[in-house]
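J.: how would this look folded up:
(one chain, ligands or ions: 3)
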Amino acid sequence: MVKQTIEVGLGERSYPIAIGPGVLSQIGGLLKTAGIAGRYGIISDDRVAALYGNTVLAALVENGVRADLFTFPHGEASKCLQTVEELAGRLAASGFDRTSGLIALGGGVVGDITGFLASIYMRGIPFVQIPTSLLAQVDSSVGGKTGVDLTQGKNLIGTFYQPRAVYIDTEVLQTLPEEEFLGGMAEVIKYGASIDADFFHWLREQRDAIVALDPAVIVPMIRRCCEMKAAVVEQDEQESGLRRILNFGHTIGHAVEAVSGYALNHGFAVAIGMRAVAELAVRSGRASSATAEQIEALLHLYGLPVAIPAQYDRAALRQFMRADKKASNGRLVFVLPVALGKVDITDRIDEAALDAVLA
Ligand SMILES: NC(=O)c1ccc[n+]([C@@H]2O[C@H](COP(=O)([O-])OP(=O)(O)OC[C@H]3O[C@@H](n4cnc5c(N)ncnc54)[C@H](O)[C@@H]3O)[C@@H](O)[C@H]2O)c1
Ligand SMILES: O=C(O)C(=O)C[C@@H](O)[C@H](O)[C@H](O)COP(=O)(O)O
Ligand SMILES: [Zn+2]
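T.: Ligands and ions are numbered 1, 2, ... in the order given. Now for the predicted structure:
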C-alpha cells in the first residue's frame, strides 16, 4: 500500500505526517528530508528499542547518518524530570551538540519525553516522531504537546514544541499488546464523540476489521484522526480555546490515571473520563441520555472500562482534578458532549451533579 501524507500547516513550523505500512523500512531516506544536518539520538523505551531500535539505527547508518540509541524503562513512571535529566546527561557526555536531532521511537511516553528534551536541550534542537503505539499514532505524536508528570499530577511540566516530521508505520501495531491497542482506541473514539459523528458511527460498523488490524481500515482510521488533530492544532496551536476539545474525557481521566498510581493506561483512564463526562452532561441538562448511551456503548464494544473503580479515593480524585492545568481560579473546566460529534467547554458545573458522577 502506498504511503499517504498529511500536512500540519503551522507556517514555518509546518510538517508532514507520513502514514502507511512499511514506512519504517524507508526511514533512512525519509529522514534525509527532515532537515537535520548532524547526528541523531534515537530515544526509545526498553521494549520498543528491543523490537525496532536496530532497524532504525541500521537504516540511518546505511544512509550515512551517525546515530546512537538511548533507552529508558518503559511505562508512565519514566515520564518524569529524572528521566529527562538522565537522557540530557547521556547526550552531553556523548558529544551531542546544537546540530544534532532526536528521534522519538515509541509510544506516547517516549514521544512526550523526547519532545520535551528536544525543546530544552541546548535551548532547543529538532526532533522527529516515529510513533509505535496506536495512541501515539493517532494523537500524541501530532500537535507538539510535550512534557512530563509531577507527583502532583499529569503533564504539569512541559512545552509546546512541534516535531519536524511524523512517520507512522502501521505494521508495527502487529507487536503492540492488545491492551495498549485498546487504550489507543479510546483516543480514536474521543475524536468521533467530540468532533465527527460520521466517524463515530463508522467505528461501530468497522469494529471487527479494526480489531483485526485490517490495513484497509486501520490506515484510513489513523489518517482521519491525524487530519482532525491537525485541523484543531492549526487553528489553536497553544490551546487558548478550541484545542481544549482534544481534552474531552481528560479532566476526570487524568485524575483517575493519577489516583491509580499510573497503573491504569492513559487510554483506559480517558475512556472512564469520557463516560463520566457524558453522564455529567446528561445530569446538567446539556445532553440527551441517548447521546451518553451511544458513547458508553461504543466504549463497551471495544472492551474499554467505563466505571471509576470503587476503591479509588474520591477526595484524591477531586484533588488531582484541581491540580489540572485547565482548572482556572479554582474552577474545574469540563468538555461536555452535547450531541455526538459536538462538545461544549464549560466551568459552570453543578457540584451535586459532579458528586453524583464521581460516586
Ligand atoms: N502529547 C500529547 O498530545 C499526548 C496525547 C495523548 C497521550 N499522551 C501521553 O501519552 C502517554 C501514553 O502513550 P501510550 O499509550 O503510547 O503509552 P506508552 O508509551 O507507555 O506505550 C505503551 C506500551 O506499549 C509498548 N509499545 C509501544 N509500541 C509498541 C509496539 N509497536 N510493539 C510492542 N510494544 C509497544 C511500550 O513499550 C509500552 O510498554 C501518556 O503519558 C499520555 O499522557 C500525550
Ligand atoms: O493534544 C492535545 O491538545 C490533547 O489534549 C491530547 C490529549 O489526548 C493528551 O492526553 C494531552 O497530553 C493532554 O494534555 P494536557 O495539557 O491536558 O495535559
Ligand atoms: Zn489523551
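J.: residues near the closest residue to residue 313 other than its chain neighbours, how many?
T.: Nearest residue to residue 313, sequence neighbours excluded (C-beta to C-beta, 6 or more residues apart in numbering): residue 259, at 6.3 Å. Where you see a C-beta, it was placed from the backbone N, CA and C, and this is true even at glycine. A count of nearby residues for residue 259, using other C-beta atoms under 10 Å, gives 23.
J.: Would you check that residue 259 makes contact with residue 317?
T.: Yes - counting by C-beta atoms under 8 Å, residue 259 does reach residue 317; the two are 5.5 Å apart.
J.: And stretch 6-24, how far out from the chain middle?
T.: 16 Å (C-alpha atoms, centre = their mean, to the nearest Å).
J.: End to end on it, go ahead and measure it.
T.: In stretch 6-24, first residue to last residue: 17 Å (C-alpha to C-alpha, to the nearest Å).
J.: Please apply the same query to stretch 124-144.
T.: From start residue to end residue, stretch 124-144 stretches across 13 Å - C-alpha to C-alpha.
J.: With just CA atoms, put the longest strand anywhere in the chain into CSV.
T.: In terms of residue count, the longest strand belonging to the chain (DSSP state E) is strand 153-160. Below are the C-alpha coordinates for strand 153-160, written out as CSV (Å, rounded to 0.1, in the frame of the first residue of the first chain):
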residue,chain,number,x,y,z
GLY,A,153,-0.5,15.5,38.5
LYS,A,154,-0.2,14.6,34.8
ASN,A,155,1.8,16.6,32.3
LEU,A,156,2.4,19.5,34.7
ILE,A,157,5.8,20.4,33.3
GLY,A,158,6.1,20.8,29.5
THR,A,159,6.3,22.8,26.4
PHE,A,160,4.6,23.3,23.0
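J.: is stretch 275-293 anywhere near ligand 2?
T.: No - Stretch 275-293 lies out of reach of ligand 2 by C-beta under 6 Å from any ligand atom, never closer than 13.6 Å.
J.: Restricting to C-alpha, output that stretch in CSV.
T.: Below are the C-alpha coordinates for stretch 275-293, written out as CSV (Å, rounded to 0.1, in the frame of the first residue of the first chain):
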residue,chain,number,x,y,z
ARG,A,275,-18.3,8.1,30.1
ALA,A,276,-18.2,10.1,33.3
VAL,A,277,-18.4,13.4,31.5
ALA,A,278,-21.2,12.1,29.3
GLU,A,279,-23.2,11.3,32.4
LEU,A,280,-22.3,14.8,33.7
ALA,A,281,-23.7,16.3,30.5
VAL,A,282,-27.0,14.5,31.0
ARG,A,283,-27.2,15.4,34.7
SER,A,284,-26.5,19.0,33.8
GLY,A,285,-29.3,19.0,31.2
ARG,A,286,-26.8,19.6,28.3
ALA,A,287,-27.1,16.2,26.5
SER,A,288,-29.8,13.6,26.0
SER,A,289,-29.4,10.2,27.7
ALA,A,290,-29.3,8.7,24.2
THR,A,291,-26.0,10.5,23.4
ALA,A,292,-24.4,9.3,26.6
GLU,A,293,-25.7,5.8,26.0
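J.: Pull out the buried positions in it.
T.: 275-284, 286-287, 291-292 (16 or more other C-beta atoms under 10 Å).
J.: Now, those residues that are in strands?
T.: Using DSSP E, no member of the buried residues of stretch 275-293 falls in strands.
J.: lowest confidence element among the helices and strands of the protein?
T.: Least confident helix or strand of the chain, by mean pLDDT, DSSP states H and E, is helix 27-32 with a mean of 86.
J.: who does that one touch, helix- and strand-wise?
T.: Here helix 27-32 touches helix 54-62, going by 3 or more C-beta pairs under 8 Å, 6 or more residues apart in numbering; DSSP states H and E.
J.: Now do the buried residues in the helix it packs on.
T.: Neighbour count says helix 54-62 has 56, 57, 59, 60 buried, by 16+ other C-beta under 10 Å.
J.: returning to what we had before: would you turn the buried residues of stretch 275-293 into CSV with distance to ligand 1 and pLDDT?
T.: Converted to CSV, the buried residues of stretch 275-293 look like this (distance: C-beta to the nearest ligand atom, whole Å; pLDDT from 0 to 100):
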residue, distance to ligand 1, pLDDT
275, 18, 98
276, 18, 97
277, 17, 97
278, 20, 98
279, 23, 97
280, 21, 97
281, 22, 97
282, 26, 97
283, 27, 96
284, 26, 94
286, 25, 95
287, 24, 97
291, 24, 98
292, 23, 98
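J.: Looking at the residues you listed, spot the one nearest residue 141.
T.: Using C-beta to C-beta, the shortest approach to residue 141 within the buried residues of stretch 275-293 belongs to residue 277, at 24.8 Å.
J.: The closest one contacts residue 332, correct?
T.: No - if you go by C-beta under 8 Å, residue 277 and residue 332 don't touch, sitting 11.0 Å apart.
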